[in-house]
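*Asks:* Fold the stuff below for me.
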Amino acid sequence: MRFLGLLLFGITFLFADLVDIYRTQGIDAVKEQLEKKLQEKSYWEKFLEDKNIDYGYYESTKFLIFVDKDTKELKVYKKVDNRFSEILKDSVIIGEKQGDKKVEGDLKTPEGVYKLTNKLTKLDPFYGPLALVTSYPNTFDKALNKKGHGIWIHGMPLNQQREEFTKGCIALDNPNLQNLDKTIDLEESLLLISKDEIKKSTKDEISLILSSIYKWKDAWKKSDIDAYLSFYSKEFKRYDGVELNSFAEYKKTIFSRKQDKTIIFSNINIIPYPNSLNKKMYKVLMDEVYRTNSYKFDGKKELFIELKDNKIEILSEG
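*Replies:* Sure, this is the predicted structure:
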């Protein structure tokens, strides 16, 4: 009860403070104060107090599919009331060779976070009754110049003996694959493939990322090029191969125009990112609304970030 009383007092005080700011300075000043609040790590720590973020932070993802290449297990978690609960578990077959996929035909299963982009039926009987298509190579894979395509979650051969390995895909028994397909929604699912068990996220990490996203957005909105570029890793590379120096020069040109910008982020998802680089990484996936007098964008924004020295460093974006 004491905590609830303090919380209500804090909310009442904040509201009164904002009303006074509105009365004396107008609505733009109120918006500025709210934007500053979103840049405070302490705000997000309080926001996350009653939330389970063991597997990351999600505003629009309902299903997480984990594939552990070491144990050769697939687990499916469903989000209910801000918590993910395990609903399916099965053994799988993966690529013949160990390690992270790098080139076409290396017989390795990739490591990372992928969307499920499509469901295929009427396949060669070798792949079973259906296949769920992954988004490999994703933006970060392309930045690392990884090659290959056609990484699926598929079934077992219908008319021949069960295989021992795949060429890089993930395969499971046909009844279990069909059950997986019936259970999940492709558009609300993410696939995490790791070499072993993924270390659980912490509220300290997630609150740092959320506050940093809004600091990065603030620098972007205000065309503060130095503050903006301070969020980028020296290793930054865009999906099309553009490295930090070229990216920075391009942004300096854009920012020099000092255009008024509207930038809104929603449906933010922060996903632990398995990788073979031994980095503490997350993928940030969110909806973005961007407006200037000469340009508008409504779509998805991806950031691939490393947590390093208690700050985020953007390794790639799309």
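
*Asks:* all contacts plus neighbour counts: C-alpha atoms, from now on.
*Replies:* Noted.

*Asks:* so where's the protein uncertain?
*Replies:* Along the chain, segments meeting pLDDT under 70 span 1-16.

*Asks:* tell me the domain ranges of it?
*Replies:* Here the domain assignment for the chain is 36-53+201-317, 61-194, based on automatic domain parsing.

*Asks:* which one of the ones you listed is the most hemmed in?
*Replies:* Most buried of these by mean neighbour count (mean count of other CA atoms under 10 Å) is domain 61-194; its value is a mean of 18.

*Asks:* End to end on it, go ahead and measure it.
*Replies:* By CA to CA, to the nearest Å, the extent of domain 61-194 from end to end equals 19 Å.

*Asks:* swap in stretch 157-171?
*Replies:* Start-to-end, stretch 157-171 (CA to CA) is 10 Å.

*Asks:* For Glu45, which three-state class applies?
*Replies:* Using DSSP: H, G, I helix; E, B strand; the rest coil, the structure places Glu45 in helix.

*Asks:* The nearest residue to it once chain neighbours are set aside in helix, strand or coil?
*Replies:* Spatial nearest neighbour of Glu45, excluding adjacent residues (CA to CA, 6 or more residues apart in numbering): Ser207 at 5.6 Å. What three-state DSSP gives for Ser207 is helix.

*Asks:* what residues are up against Asp185?
*Replies:* Residues near Asp185 by CA atoms under 8 Å, 6 or more residues apart in numbering: Phe63.

*Asks:* can you give me phi and psi for it?
*Replies:* Per-residue torsions, Asp185: phi -110, psi 120 (degrees, to the nearest 10).

*Asks:* roughly how far apart are it and Leu48?
*Replies:* Asp185 is 26 Å from Leu48, by CA to CA.

*Asks:* mind listing the helices for the stretch 1-150 of the chain?
*Replies:* Listed in chain order, the helices of the stretch 1-150 of the chain (DSSP state H, counting those that start in this stretch) span 2-25, 27-38, 41-47, 139-143.

*Asks:* Can you convert the domains of the chain into CSV and add a column each for distance to Leu18?
*Replies:* As requested, these are exported to CSV (distance: least, CA to CA, whole Å):
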stretch, distance to Leu18
domain 36-53+201-317, 12
domain 61-194, 29
